[in-house]
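Chemist: Sharing a sequence plus its predicted fold:
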Amino acid sequence: MTNVDPTTGSLACVYRTEGLTKVYGEGPAAVHALRGVDLALPGGEIVVLLGPSGSGKSTLLNIIGGLDRGTDGTIWFRDQELSAMSDAELTHYRRDNVGFVFQFYNLMPSLTARENVELVTEIAKDPMEPEEALALVGLHARLDHFPAQLSGGEQQRVAIARAVAKRPRVLFCDEPTGALDSTTGRAVLKVLKGVNETLGTTVLIVTHAAATAGMAHRVIHFADGKIRKIRENETRLDPDKIDW
Amino acid sequence: MNPLDRKLLRDLWRIKGQAAAIGAVIAVGVLLLVMMTGLVRSLDETRQAYYERYRLAEVFAPVTRAPENVIGDLPAIPGVAATEGRVAGYALVDLDSVDLPIQARIVSLPDFEAPRLNDIFLIAGRRLDPANRDEILLLKSFADAHDIRPGDALRVTIRGAQRAFSVVGLVQAPEFLYVTAPGELAPDDERYAVIWMSRATAGAAFDMEGAFNEALLSLTRDAREPAVLEAVDRILEPYGGLGAYGREDHLSDRYVSEEINGLRATSAIIPPLFLAVAAFLLYIVISRMVQAEREQIGLMKAFGYTDLEVGAHYFKLILFIAVSGAILGCLAGIAAGRAMVVLYLQFYKFPFLLFELRSSSFVLGILVSVCAASAGGLLVLRRVFALTPAVAMRPPAPADYSRTGGVVRKLTRILDQPGRMVVRRVTRQPALMGGAVLGIGAGMALAAAMTSVMSGFDRTIDVNFNVIDRSDLTVSFTDPKSDKTILELQRLPGVIEVEPVRNVSAVLRNGLRTHRGAVEGRIATPRLNRAVTSEMDAIDMREEGVILSTSLADKLQIRPGETLTVEVREGRQPVLELPVFGTTESLLGSPAYMQIDALNRALREPDRVSGAALRIDSARSDEIYRTLKDMPAVASVSLKDETRESLQELMDSGAGAMRYVMAGIAFVITFGIVYNSARIAQAERERDLASLRVLGFTKGEAAFVLLGELAVVMFVALPVGALLGYALSFGIAAGFSSDLYQIPATFGRSDFGTAVLAVLAASVASGWLVKRDVDRLELVSALKARE
């Protein structure tokens, strides 16, 4: 584990935010989703963001993932300032560096498993073969099935294969097991752990299932738009051992 | 194939019903454009080529009798390229199979050479043998109508003398593209013949040996036609020149021009109108379709697809639908154009008429549809692109239904929950609902305007043949006769009523505006052949002045109270200055009326009649026809029923026939709009409907929420459509009106009833199709899937 110098933003640090805020709406109706977040995340870790709904964890994930913009503050991805990027630059940032896994899978219903993965490998710089990515999540036998023909867990694994196929530096997972039962959920977490170990991808998981925290290198607790506590796990649990 | 393209194909398959409906709307718009512009071009170019190949004269100069050597003076006029003198006149054809006399136009051909001007196109048989004076050529359409073939004999009465001729060939000629008997509007192949004979034969028959009574001239490129006309008139004046006129005043060319111009005007107004409605529909449909894809767009952006790549993806979808529709429309337009050409050939005696498509109308059709379709898509895409991917991927925030007005609040209190859902959705999304209402209203407007124009055609026929003309037949005399002839007719057994008429050909002039036509003399209070106001009240003729048909007054830009110059082209050719004392609603032709005695006085030919309108006892009609046929004074008899029939035929061919195509198209568009509105509403509400079903609502109750909304939109759209249709019918009726006939914009209740029924039928059918899908809704997947 690397120690980070917050003033220099050393390269070992994947993300660094300073005074990041996000306000939805205006005037009396304004909702403060993030109220000044200062954070430094080292690369290569599994990081779990925990917190009740509305605490701001998904908002943070969306902003550092380049899906949304903060209202104030700065964000650095390695040596690039995300908060200063244009829309086009953000698009390339997402295309080249980031993978996403969503709670509701968000597969294209009109494309097969393989084609959903191809959707990403098509535009990535150095992607895996779609088949390889699907093998990684244990779906090599279901390449040509449409989302409607796959179970929830299988759909989520296609989504993970789709996210990792471009060999992203960072994988963002928003409630990846939220719609799954415990057995399937564990299988999905195992895949995420495998991705982290074999590809060295930084994995950020947003969840409100506290037990998931057991498998993380680092756990960030969120409440009311702020970081309450950051904990580093001395020992990490295998996903199989997680008490659901 | 890349995955996005595969997505595209599967998406297309998924929305195939909607895509087909949109494609159909584009296709019919393009069909109309392609067909009409193609027809205009084909007619225009064929006419041009025909005129050039057979050397149609550019100036016609009728004269009473001019010695042959005078023709030699004409080439000296600056601007004249070639000249030809010929003998022309009228005759009667006697066929055993026909009870009535048949009028014929006789035209001479040079004896030993091909005509320099006004050549003929020989279809069957051979040309005239100069050695044989009994030979004639016959207009093919007349020959066909009576099954006359080369080798047959034909009895022709010229100047009172009957002679048998041998028909040696069947021909067509560019000066007889549109052939009507003098005074008739619509062509009737059976009742009017054109006969060509050698100059020597015609000269003998018309007492024109060594003389001509019509000069033909062609002009050089730099010729100034008015100057040439003036010079020709000066040269022919001593020989009874009747006034030279240009090709554009030649009856046949004028009618063909009128047809082409009418078609051009219609094609400039109507297809753009239809395409505009189609474009508007596309805008609504595609913008809502793209809106429904919002989450997938967000997802693609999350993966790092650029706005351009995502935009291109949807643009391809739009392009596919629009281009397929446009190509289909082009193909159908060509097929429809070819079918129309056949109709045209029945009325215009072209030797050939090829439907030619200018590639520009093809390109224009595709371009317009693609632009219309992409405008809808791109505007919405821009809105979606303005969202960050995170926001785009979330379902849109629930529409705000909290601010509801007092009336609606009271209304909702008495409704159950599904009823409230309908009312709130309709009232709180005015833009969405307004779009749907306008779309359906526009479709209905087209249907209503088209049915109203269809009735307009019927009204034209009705007004003319039931209100204005109450006679049974009209007789015209070979030349102006004494009014004793009227008494003679009056005495015929079976004749109930006779009304004399005096028609003289004349040029009507108001300043620089002229009209070459006729002045029709009528008795003071006509009973059989009336002039009527727009309220259909009869107008009496006055001692002084003329009554003009509204179309003629418009053409000459003259109002009652002003003075009209009438240059008579008969007899001593007086020039009269006459006050206009009224206008009359005539939906056929462009007549000008005068009191018959006043006209005769002005001509200094008292008590002359050129024809008569007759009311007869139908039981004795055959007897009357036979008597009339034997009367030497009678040049032609036209039966009202036959005239009505040929006019109806004329209206059902050519530009008039377009109304059937257009009405069909209007209904296709209406259905397309209604069906798409229903489909979109269904797609947008799928989750709501599934939720209702999960909560325990029956299929019918759930469907009510959707169909109720459609019903509300429909009932608001009906009056909107009626109003738009009312406005539209003026434009379309004007587009269909021509010099030949005017189509009034009529708005009978039945027209709007038909349009309302069409919209309702489309709604019921669409509602049924949509309801079927709602019933099949898979609850769990509809709720689970966030797409």
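Modeler: Yes, it's here. If you're wondering where the values come from, they're calculated on a predicted model, not measured in any experiment. Numbers count the residues shown, from 1 in each chain, chains lettered A, B, ... in the order given.
Chemist: Go ahead and flag the most central residue of chain A.
Modeler: Residue closest to the average C-alpha location in chain A (C-alpha atoms, centre = their mean): A:Phe172, at 1.0 Å.
Chemist: can you count the residues close to the residue of chain A at minimum distance from chain B?
Modeler: Among the residues of chain A, A:Arg95 lies closest to chain B, at 2.5 Å counting by C-beta to the nearest C-beta. In this view, the C-beta of every residue, glycine as well, is placed from N, C-alpha and C. A count of neighbours around A:Arg95, defined by other C-beta atoms under 10 Å in any protein chain shown, yields 22.
Chemist: I figured it hits B:Met300, correct?
Modeler: No. Contact between A:Arg95 and B:Met300 fails when scored by C-beta atoms under 8 Å: they sit 10.7 Å apart.
Chemist: Skipping adjacent residues, who's closest to B:Thr514 in space?
Modeler: Distances taken as C-beta to C-beta, 6 or more residues apart in numbering or on different chains put B:Val507 closest to B:Thr514, at 5.7 Å, once the chain neighbours are dropped.
Chemist: so what pLDDT did that neighbour get?
Modeler: At B:Val507, the pLDDT value in this model is 90.
Chemist: Paired strands for the helix or strand harbouring it, with orientation please.
Modeler: B:Val507 belongs to strand B:495-510 when assigned by DSSP states H and E. Strand partners for strand B:495-510, identified by DSSP bridges, are recorded as strand B:513-522 (antiparallel), strand B:563-568 (antiparallel), strand B:608-616 (antiparallel).
Chemist: Quick check: nearest residue in space to B:Glu356, chain neighbours excluded?
Modeler: B:Ser42 (4.9 Å).
Chemist: ok so, going back, which of the strands paired with strand B:495-510 has the lowest average pLDDT?
Modeler: strand B:513-522 has the lowest average pLDDT among the strands paired with strand B:495-510, namely a mean of 89.
Chemist: export it as CSV, just CAs?
Modeler: Once non-C-alpha atoms are left out, strand B:513-522 reads as follows in CSV (Å, rounded to 0.1, in the frame of the first residue of the first chain):
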residue,chain,number,x,y,z
ARG,B,513,-54.6,42.0,-70.6
THR,B,514,-56.4,40.1,-73.3
HIS,B,515,-58.5,37.0,-73.7
ARG,B,516,-59.2,35.4,-77.0
GLY,B,517,-62.7,33.9,-76.7
ALA,B,518,-66.2,34.7,-77.6
VAL,B,519,-69.1,36.9,-76.7
GLU,B,520,-72.3,35.0,-76.2
GLY,B,521,-75.5,36.8,-77.0
ARG,B,522,-78.5,35.7,-74.9
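Chemist: what about residue 195, neighbour count?
Modeler: Unless you meant another one, I'm taking chain A. 24.
Chemist: nope, chain B
Modeler: Neighbour number of B:Ile195 under other C-beta under 10 Å is 22.
Chemist: what sits against it?
Modeler: B:91, B:93, B:104-107, B:136-139, B:154, B:156, B:165 (C-beta atoms under 8 Å, 6 or more residues apart in numbering or on different chains).
Chemist: can you do 7 Å?
Modeler: B:Ile195 sits next to B:104, B:106, B:136, B:138, B:156 when contact means C-beta atoms under 7 Å, 6 or more residues apart in numbering or on different chains.
Chemist: Same check on A:Glu122?
Modeler: B:2-3.
Chemist: next one: A:Asp144
Modeler: Taking C-beta under 7 Å, 6+ apart, one finds A:112, A:114 in contact with A:Asp144.
Chemist: Same check on B:Leu43?
Modeler: B:260, B:344.
Chemist: moving C-terminal of the helix or strand that contains it, what's the next helix or strand?
Modeler: With elements taken from DSSP H and E, the one containing B:Leu43 is helix B:16-53. Per DSSP H and E, the first helix or strand lying C-terminal to helix B:16-53 is strand B:59-67.
Chemist: ok, which stretches of chain A are helices?
Modeler: Counting by DSSP state H, chain A has helices at residues A:57-64, A:87-97, A:113-121, A:130-136, A:152-164, A:182-199.
Chemist: Reformat those as TSV; add mean pLDDT.
Modeler: As requested, those are exported to TSV (pLDDT from 0 to 100):
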stretch	mean pLDDT
helix A:57-64	89
helix A:87-97	86
helix A:113-121	87
helix A:130-136	89
helix A:152-164	88
helix A:182-199	86
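Chemist: B:Pro3: which of these is closest?
Modeler: helix A:113-121 (4.3 Å; C-beta to C-beta).
Chemist: which non-adjacent residue is nearest B:Ala104?
Modeler: Per C-beta to C-beta, 6+ apart, closest to B:Ala104 is B:Ala193, 3.9 Å.
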